[in-house]
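Participant: Take a look and give me a structure for this.
(one chain, ligands or ions: 1)
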Amino acid sequence: MRRPLVMGNWKMNGRLEGAKVLLAEVAAGVSGLNATEVVVCPPFPFLHLGGVQGGIAFGAQNVAAEAEGAYTGEVSAAMLKDVGCKYVIIGHSERRTLFGESNAVVARKFAQAQAQGLIPVLCVGETAEERDRALTEEVIGGQIQAVVAVAGAAALADAVIAYEPVWAIGSGRAAAPADAQAVPHFIRALVARLSAEVAAGMRILYGGSVKAQNAPELFAQPDIDGGLIGGAALNAQEFVGICRAADTAARKGS
Ligand code: PEP
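Facilitator: Numbering: from 1, shown residues only. Reported below is the predicted structural model:
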């Protein structure tokens with residue numbers, strides 16, 4: 001049985017006082033949801049709030065591909081570990097598109113995270129154009145194979161994969177549940193060719209315009225183990241509603 005995971009990606013939004021309020025509201029709303037793991041990924045300067053609220057794990061939104069040294073502006077995996085992070089998002093489509101992160105760079109970041117005991121949340125997904133050209137499996141297969149080539153298949157046992165169709169992120173247009181299920185199913189089958197045990201235990205999230213209203217149907221899909229949430233993670237009521245949907249789906253499935 002895979003424990004569901006709901007992860008809020010706050011991106012570069014908000015200020016410190018608002019972050020404290022949001023965190024307190026989320027913490028109050030999710031207390032008692034035992035079946036689901038709840039994680040928030042605030043911007044780096046707010047990660048110190050992780051010690052303040054119980055019951056919510058913290059993750060970072062990015063990490064350096066290098067261990068340490070003269071890399072102005074970068075933040076290492078060891079530093080994230082020092083401030084109490086459990087997870088780190090790797091290869092979000094905004095990093096790939098806006099900051100030019102290649103599959104090779106993403107793979108190095110993944111390895112750095114694991115070397116420091118962080119759990120990487122590897123984001124994969126196709127653009128609308130790739131989808132229209134029926135390239136979804138090829139693109140996502142390549143994104144995963146690049147990580148396996150550097151870190152090895154066994155490394156996926158201590159990782160999470162987030163399937164985020166690029167066209168669904170921030171668009172208000174989530175994938176239809178059957179389409180959202182098809183890609184995690186493909187990912188699990190791909191990983192099963194390397195290790196059936198790793199594939200069976202690995203958590204795969206869906207991300208892209210998840211809201212409290214569409215979460216129940218998405219989380220009812222057999223290969224979807226929770227969500228990576230962007231916009232709705234900035235609204236405590238919405239985010240708590242999504243966490244509740246994951247918890248209900250988990251209790252129905254157990
Ligand atoms: C994201 O950026 O990872 C994301 C899923 O965003 P949204 O929920 O706003 O689509």
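
Participant: measure the closest residue to F44 other than its chain neighbours to the ligand for me?
Facilitator: Spatial nearest neighbour of F44, chain neighbours left out: V75 (5.8 Å); criterion: Cβ to Cβ, 6 or more residues apart in numbering. In short, each C-beta sits where N, CA and C put it, glycine included. Going from V75 to the ligand by Cβ to the nearest ligand atom, to the nearest Å gives 19 Å.

Participant: Share the number of residues neighbouring Q145, please.
Facilitator: Using other Cβ atoms under 10 Å, Q145 is surrounded by 15 other residues.

Participant: Pull the residues that contact the strand or helix carrying it.
Facilitator: If you go by DSSP states H and E, Q145 is part of helix 136-151. Residues outside helix 136-151 that contact it (Cβ atoms under 8 Å, 6 or more residues apart in numbering) are 91, 103-104, 106-108, 110-111, 114, 122, 124-127, 130, 155-156, 161, 163, 183, 186-187, 190-191, 194.

Participant: which parts of the stretch 51-200 of the chain sit against the ligand?
Facilitator: Counting by Cβ under 6 Å from any ligand atom, the stretch 51-200 of the chain comes close to the ligand at 92, 164, 169-170.

Participant: Return the member of the residues you listed nearest to G207.
Facilitator: Distance to G207 across these (Cβ to Cβ) is lowest for E164, with 3.9 Å.

Participant: and the closest one, what pLDDT?
Facilitator: Here the pLDDT value assigned to E164 is 98.

Participant: How about N34?
Facilitator: 88.

Participant: What distance do you get for the nearest residue to it once chain neighbours are set aside to the ligand?
Facilitator: Among residues not flanking N34 along the chain, D247 sits closest, at 7.7 Å (Cβ to Cβ, 6+ apart). In this view, D247 and the ligand are 19 Å apart by Cβ to the nearest ligand atom.

Participant: again with R133
Facilitator: Distance from R133 to the ligand, counting by Cβ to the nearest ligand atom: 22 Å.

Participant: what's the answer for N62, then?
Facilitator: Counting by Cβ to the nearest ligand atom, the gap from N62 to the ligand is 12 Å.

Participant: tell me, how many neighbours does the nearest residue to that residue once chain neighbours are set aside end up with?
Facilitator: Excluding the flanking residues, the one nearest N62 by Cβ to Cβ, 6+ apart is R95, at 6.2 Å. Residues near R95, counting by other Cβ under 10 Å, number 18.

Participant: quick one, phi/psi of R95?
Facilitator: The phi/psi pair for R95 (degrees, to the nearest 10) reads phi -70, psi -40.

Participant: Looking at this protein, which residue is nearest the ligand?
Facilitator: The ligand sits closest to G230 of the chain, with a gap of 2.1 Å, by Cβ to the nearest ligand atom.

Participant: Next up, the contacts around that residue.
Facilitator: Going by Cβ under 8 Å, 6+ apart, G230 touches 9, 11, 169-170, 207.

Participant: and what of E101?
Facilitator: Shown in contact with E101 (Cβ under 8 Å, 6+ apart): 91, 95, 109.

Participant: in the sheet, who's paired with I90?
Facilitator: Going by DSSP bridges, I90 is paired in beta bridges with L122.

Participant: do you know how far the residue lying closest to G241 once chain neighbours are set aside is from A250?
Facilitator: Sequence neighbours aside, A212 is the residue nearest to G241 in space, at 2.8 Å (criterion: Cβ to Cβ, 6+ apart). As judged by Cβ to Cβ, to the nearest Å, A212 and A250 stand 16 Å apart.
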